[in-house]
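> sharing a model prediction with you, sequence too.
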Amino acid sequence: MTASAPNGAPLARRIYERSYLIGEFRLRSGATSNEYFDKYLFESDPQLLREIGQALVELLPEQVDAVAGLELGGVPLATIVSQLSGLPALFVRKQAKKYGTCRLAEGGEVAGRRLVVIEDVVSSGGQVVASSRALRERGAEVVCVLCVVDRESGGAGTIAAEGLELRSAFTMTQVGEACV
């Protein structure tokens, strides 16, 4: 089940107006779509990013040690959630570095910490699951996953099958309904 931010229609409308594109797009999953949320457009707008961050803070569960933003889109979101909540932020690579510290997550240790994984837009949920597994393998407890937009294209089910709850600020349906 997906939990969503309450009373977010004005914010959903602003996200739509700033970042909703129509065309032909290949998604990370390999699927194609005729609509796309260019997350970098909403993440690069400082006021909109702050408002999105506040909506995500409202979805945080209790007793969390840190937020873990997934490369690349989850990093600015984790940063603003960290700023607004006071929780430390970690930045999770798609794969561990092959040099230097060879870390998967930058910004601190993950072992023994209760983490909330943050992603921008969830489609299939594949990268969220892969990153959550990698964090768990390194000793983290992944409490839940937050995202800005759940495209409602199977990601919530994929994430739930991994034993995780997806909490989205908005679903694709909510964003669309906010703009009619």
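Good, I have the coordinates. Numbering: from 1, shown residues only.

> where are the low-confidence patches of the chain?
Along the chain, segments meeting pLDDT under 70 span 1-7, 28.

> what about the helices in it?
For the chain, the helices defined by DSSP state H cover 9-19, 39-43, 46-57, 74-85, 126-137, 155-161, 172-177.

> stretch 139-149: which residues count as buried?
Neighbour-count burial for stretch 139-149, counted by 16 or more other Cβ atoms under 10 Å, picks out 140, 142-149. Bear in mind the C-beta positions are built from the backbone N, C-alpha and C, glycine included.

> so which residue is dead centre in the protein?
With distances taken as Cα atoms, centre = their mean, residue 119 lies nearest the centre of the chain, 1.7 Å away.

> ok, now how distant is that one from residue 138?
Here the criterion is Cβ to Cβ, to the nearest Å. By it, residue 119 lies 18 Å from residue 138.

> of the helices of the chain, which is nearest residue 93?
For those, the distance to residue 93 is smallest for helix 126-137, at 8.6 Å, taking Cβ to Cβ.

> run through the neighbouring helices and strands of that closest one.
Using 3 or more Cβ pairs under 8 Å, 6 or more residues apart in numbering; DSSP states H and E as the contact test, the elements touching helix 126-137 are strand 66-70, strand 89-92, strand 114-122, strand 141-150, helix 155-161.
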